[in-house]
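Asker: can you look at this prediction? I've put the sequence above it.
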Amino acid sequence: MEQIVFGIGITALTGALATVAGAAEDTESNIGSQGDPNSQVQLAPQMGFLHRIFNKAVAGEPPAYGLWCCLGAGLAWAFMAMQLNAVLAIVLGSVLAVFVQGVYATTAYVGRTASLSKFGQPVYVDILKSMTTVTMAHAFIAIFATVALCQLINGALGHPFPLPLLALVWGIALGAAGSATGNPYYGKERQYQNQKFGAGVPISASGNIVRYAEAGERNSIDNGWFTAKIGGSASGICFGLIVFLELWRTKVGAGWGSIAIGVLLILIFTVVDRYIEIWARKNYGPYTEAKEASS
Amino acid sequence: MSAVAAKPATGAAMNPTAMGIGVILVLILLGICWFVSPTVGLMALIGVIIGGVLIGFGVHFVPVGGAPAAMGQAPGIATGVAMLAAGGGLAGLFGGAWAAAAGQTPIVVIITGGVGGGLMMAITCMMVNFVYVFGMGIPAASGKVAKDPITGDSQAEYKSQGTEGHGLPFVSFVGGVTGGIFAGAGGTLIYLELLNLYEGALPTLMQLKPEQVLPIAISMAGIFAVGMFLVNAVLTAYNITGTIEGPHDPKFKRWPRAIVASAVASALCGLVAILIVLPLPFT
Amino acid sequence: MSVKVEVIEGGIPHNKIMIAGVVSTLVCLYLTYLNVLTGTEMFSFFGGLAVVTALIWGSHTIKVLCSYGIGTGVPSAGMIAFGSGVIAMLLATRFNLLAPIVALILAAIIGFILGYVSNNILNMKIPAMVQALTEMAVVGALSLMGFAALMTGGFTFAGLTTGTVSVLGQTLMTQQQSFMGGCLIAVAFLLGAIAIQHPFNACLGPGWKQDRMLMLTAECGFLSMLVAAVMSFALITSGSAIISLIIAIIGWGYTYCQYMALSKRDAAAWLDAKPIPEVEGH
């Protein structure tokens, strides 16, 4: 009995850590402007729209977060092999991983902006000084939470993979989930806030991102605040559900039981998704009349 | 100075000679394996090839929109195809590895891996639609078909002006889940085959007891599974040139090329992975 | 709609960089063999230097490949390089002293076949594809070998799979606390995969300059060497690890400052807390 309670309790804890990690990951990637929406930040100066957004072009979120989490876990593993306490090891590992992340962020911003010198986009040193530490702080939360949940999965729940390999798997999954959920919200809603709400961005408006904001000129910390409204929480729920349900279905049933529960969960999410889709079609209605619509 | 347009429209053209050469290469590699290790190695290699082909095929189902999707200009998920598929497949591999360590039968392990990948993609796709609908007020619409093949919903009038569509129509959602299932199952199959091979061969090779080599076997099988996963996913990304809406997209018809390509790549990498534990003449 | 990738002329020709890369990486890898000859682990840092030189070569290969607009972005190239390289590297470690040469040949074969597959079966038809994928697989394999040598002091299979643990004052051999047992190869894999594609990805644009990109590659290489040296404290003697760490810190500091100076040279303006400049019509 105690065994089951212990297992479910740890599972719930990892779900909570995963939710925090997902929220922090999406906020960090939007403060740094990483991933697919960053193509707009890159494109804007070429169309003549100079800006003060942090242009962090470090691969996409899945490989980048795979690296930070795997690095943090590798360092934590090494520190634990040197007989350091587990929590201290994870903290130190995450600190060093965040240092690497910060360095990559600065070199990316400076490099991309210097290569856009033809269009007159300046390198803002104050953006470098103020954004880097904020993005590093959010990344630390995401990395620490992910490495901690991997340590729980390895140590308390008995998964065979060693810590760095687990962190590679969950780091890439974290980046994929956070990027999928959070990117359209940042790209369409925030960067193109001046476009009509409730419709995609027309191709003719590419590059015309918002550069003047509520108080003065928009910078990436404003984007971080905006992400925390919906995008961050949605990413957190997404990754938290992924981790929790994956662990829970294995704990509750073994073998065919976990498969049956997994299939049931997939069907539940399919129904929910279909409901969302129908709700949108009925509630929002079409953009034009059916017969007028042309591609 | 513009990008060196070295390739004229590659499009969906199949190259029969090259595909034939690919099949011959696979047979040659299988032959080499049969020569070196007729029973254990050959079975493992066949398993690895099937796993790689499953991954390569499955990734075609995953709806990826790339940079335009991040602006609501194209349907699909706004992430790179190789890494999104890797995320789903690796989550499946995680579950499958756990089942393998718990001593489940191979068929259970592989299906567990598949279901794990499918579950991750289902949650992700649902949350994508959630954010589009409740966070941005945009319904899902496809730009490539007039009616959704599964539900029959008409798409054209729900597409905002000046875009190619947005969100995840139901057929894309189903595609995403299917892709996750195939990718997770394929990755787990590769892992399982290599793990069984290493658990059997490493004790003799390293002169140690089976329990002692278990960490090495798991790590090696795991990192090879990850490596082959990424190679197959990137090859598929090259096949679809970066973005695809799902199984209804015309680009989906290119899948035969990817099957042959994945088979060759997996056969090659699998053969090398198997040779690691075989006694070599001059070591 | 994304950034136009353009072929830039000028700078050191790619083949020169490739030859210099191959030679210096192999030399550095073999210099780690001094560990075996002298019975210490002091020369492990040459593994890190091998990583730096291999990455410099590899990032230039990615630049050559991606200038043709492959349509899926730069990070995938890094992934396929290391995905194919890791398999070649592990088989090569079985060959003891010949390991680096075997890794080179094996990875070249794998990369060549993958390049053929991409160009002909997948119909990408990019002129530089086959050579680029061959080179990238070799870079992947040799960088991973460099990381292994840096973290464990050697590049043999036996060395990578055994470690020591002290129990009640006795040191015992164990598989768990080793490079492979702890799967530190996964960390090396990702460190290299991100480091090889970052320089081209970060310097992408019409103002791309070769010397700036190569300096950034050296910086990424030394940064990776830095964290790998920290991890090596668990596997080799503290003295040797401290040597690697100090060399990495000095190398990283120098290349980082140089990179910032080069970026300042190339940027349109280097402003501190100034407003967005006014541009005609926007």
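Answerer: Yes, it's here.
Asker: CA only for contacts and neighbour counts going forward, please
Answerer: OK.
Asker: secondary structure class for the residue lying closest to C:Ile105 once chain neighbours are set aside?
Answerer: Nearest in space to C:Ile105, with sequence neighbours left out and distances taken as CA to CA, 6 or more residues apart in numbering or on different chains, is C:Val138 at 7.9 Å. Applying DSSP: H, G, I helix; E, B strand; the rest coil to C:Val138 yields a three-state assignment of helix.
Asker: A:Gly35 now?
Answerer: Relying on three-state DSSP, one would call A:Gly35 coil.
Asker: give me the neighbour count for it.
Answerer: For A:Gly35, the neighbour count with other CA atoms under 10 Å in any protein chain shown is 27.
Asker: what sits against it?
Answerer: Shown in contact with A:Gly35 (CA atoms under 8 Å, 6 or more residues apart in numbering or on different chains): A:Ser29, A:Ala57, A:Val58, A:Ala59, A:Gly60, A:Glu61, A:Ser179, A:Asn183, B:Thr79.
Asker: which non-adjacent residue is nearest whichever residue of the stretch 1-150 of chain C sits closest to chain B?
Answerer: Residue nearest to chain B within the stretch 1-150 of chain C: C:Gly83 (4.1 Å; CA to the nearest CA). Excluding the flanking residues, the one nearest C:Gly83 by CA to CA, 6+ apart is B:Gly227, at 4.1 Å.
Asker: pull out the buried residues from the helix or strand that contains B:Ala217.
Answerer: Secondary structure from DSSP states H and E places B:Ala217 in helix B:210-239. Buried positions in helix B:210-239, judged by neighbour count with 16 or more other CA atoms under 10 Å in any protein chain shown: B:210, B:213-239.
Asker: which strands and helices lie in contact with it?
Answerer: Judged by 3 or more CA pairs under 8 Å, 6 or more residues apart in numbering or on different chains; DSSP states H and E, helix B:210-239 is in contact with helix A:163-184, helix B:40-59, helix B:81-101, helix B:170-206, helix B:255-275, helix C:75-92.
Asker: relative to C:Ile56, which of those helices is closest?
Answerer: Nearest of the helices and strands packed on helix B:210-239 to C:Ile56, taken as CA to CA: helix C:75-92 at 13.0 Å.
Asker: show me what contacts residue 95?
Answerer: The chain I'm using is chain A. A:Val95 touches A:Gly72, A:Phe140, counting by CA under 8 Å, 6+ apart.
Asker: actually chain B
Answerer: A:Glu246, A:Thr250, B:Thr112, B:Gly113, B:Gly116.
Asker: the first one contacts B:Gly118, correct?
Answerer: In other words, A:Glu246. No: the pair A:Glu246 / B:Gly118 is not scored as a contact, 10.7 Å apart, by CA atoms under 8 Å.
Asker: can you add mean pLDDT and distance to C:Leu226 and give the helices and strands packed on helix B:210-239 back as CSV?
Answerer: Below are the helices and strands packed on helix B:210-239 laid out as CSV (pLDDT from 0 to 100; distance: least, CA to CA, whole Å):
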stretch, mean pLDDT, distance to C:Leu226
helix A:163-184, 93, 18
helix B:40-59, 92, 35
helix B:81-101, 91, 26
helix B:170-206, 92, 31
helix B:255-275, 91, 30
helix C:75-92, 89, 20
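Asker: ranking these by burial, who's on top?
Answerer: helix A:163-184 (a mean of 31; mean count of other CA atoms under 10 Å in any protein chain shown).
Asker: just to revisit the earlier point, redo the contacts of B:Gly95 as JSON lines? Include secondary structure.
Answerer: Listed next are the contacts of B:Gly95 as JSON lines, based on three-state DSSP:
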{"residue": "A:Glu246", "secondary structure": "helix"}
{"residue": "A:Thr250", "secondary structure": "helix"}
{"residue": "B:Thr112", "secondary structure": "helix"}
{"residue": "B:Gly113", "secondary structure": "helix"}
{"residue": "B:Gly116", "secondary structure": "helix"}
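Asker: report the central residue of chain C.
Answerer: When CA atoms, centre = their mean is applied to chain C, the residue found nearest the centroid is C:Leu55 (3.6 Å).
Asker: which element is that one on?
Answerer: helix C:45-66.
Asker: between that helix and helix C:75-92, how many degrees?
Answerer: 140 degrees (axes from the mean of the first three to the mean of the last three CA atoms, to 10 degrees).
Asker: so what's the nearest residue to B:Met228 once chain neighbours are set aside up against?
Answerer: Counting by CA to CA, 6+ apart, B:Met228 lies nearest to C:Gly83, which is 6.2 Å off, once chain neighbours are set aside. Each residue near C:Gly83 by CA under 8 Å, 6+ apart is listed here: B:Val226, B:Gly227, B:Met228, B:Leu230, B:Val231, C:Gly140.
Asker: go ahead and confirm C:Phe157 touches C:Leu97.
Answerer: No: taking contacts as CA under 8 Å, C:Phe157 lies outside contact range of C:Leu97: 10.9 Å.
Asker: name the residue in the two with the higher neighbour count.
Answerer: Neighbour totals were compared for C:Phe157 and C:Leu97, and C:Phe157 leads with 19 against 16 (other CA under 10 Å).
Asker: which pLDDT does the model give that one?
Answerer: With respect to pLDDT, C:Phe157 scores 86.
Asker: B:Phe252 now?
Answerer: Taking B:Phe252 on its own, its pLDDT is 89.
Asker: that one contacts B:Asn239, doesn't it?
Answerer: No: look at B:Phe252 against B:Asn239 with CA under 8 Å: they stay out of range, at 9.6 Å.
Asker: what about the closest residue to C:Gly11 other than its chain neighbours, neighbour count?
Answerer: Distances taken as CA to CA, 6+ apart put C:Gln210 closest to C:Gly11, at 6.1 Å, once the chain neighbours are dropped. Residues lying near C:Gln210 (other CA under 10 Å) number 18.
Asker: also the one 4 residues further on?
Answerer: Around C:Leu214 there are 21 other residues, counting by other CA under 10 Å.
Asker: check the one 3 residues further on too.
Answerer: Using other CA under 10 Å, C:Thr217 has 29 other residues around it.
Asker: how far away is it from B:Met120?
Answerer: C:Thr217 is 35 Å from B:Met120, where distance means CA to CA, to the nearest Å.
Asker: do the same with A:Gly158
Answerer: According to CA to CA, A:Gly158 stands 21 Å off from B:Met120.
Asker: got the contact list for C:Gly192?
Answerer: C:Leu55, C:Phe82, C:Gly140, C:Ser143, C:Leu144, C:Ser224.
Asker: in which helix or strand would I find it?
Answerer: Here C:Gly192 is assigned to helix C:184-202, by DSSP H and E.
Asker: so what's the closest residue to chain B within the stretch 1-150 of chain A up against?
Answerer: Proximity of the stretch 1-150 of chain A to chain B (CA to the nearest CA) peaks at A:Asp36, 4.6 Å away. A:Asp36 makes contact with A:Gly60, A:Asn183, B:Gly66, B:Ala67, B:Ala70, B:Ala78, B:Thr79 under the criterion CA under 8 Å, 6+ apart.
Asker: the residues you listed: which ones sit near chain C?
Answerer: Restricting the contacts of A:Asp36 to those within reach of chain C (CA under 8 Å from any CA of the partner chain) leaves A:Gly60, B:Ala67.
Asker: which one of the contacts of A:Asp36 sits in the busiest neighbourhood?
Answerer: B:Ala70 (35 neighbours).
Asker: any idea how far it lies from C:Ala50?
Answerer: 39 Å.
Asker: give me the pLDDT for the residue of the stretch 151-283 of chain B found nearest chain C.
Answerer: Closest approach between the stretch 151-283 of chain B and chain C, counting by CA to the nearest CA: B:Gly227, at 4.1 Å. Looking at B:Gly227, its pLDDT stands at 92.
Asker: so it makes contact with C:Val86?
Answerer: Yes: using CA under 8 Å, B:Gly227 is in contact with C:Val86, at 7.1 Å.
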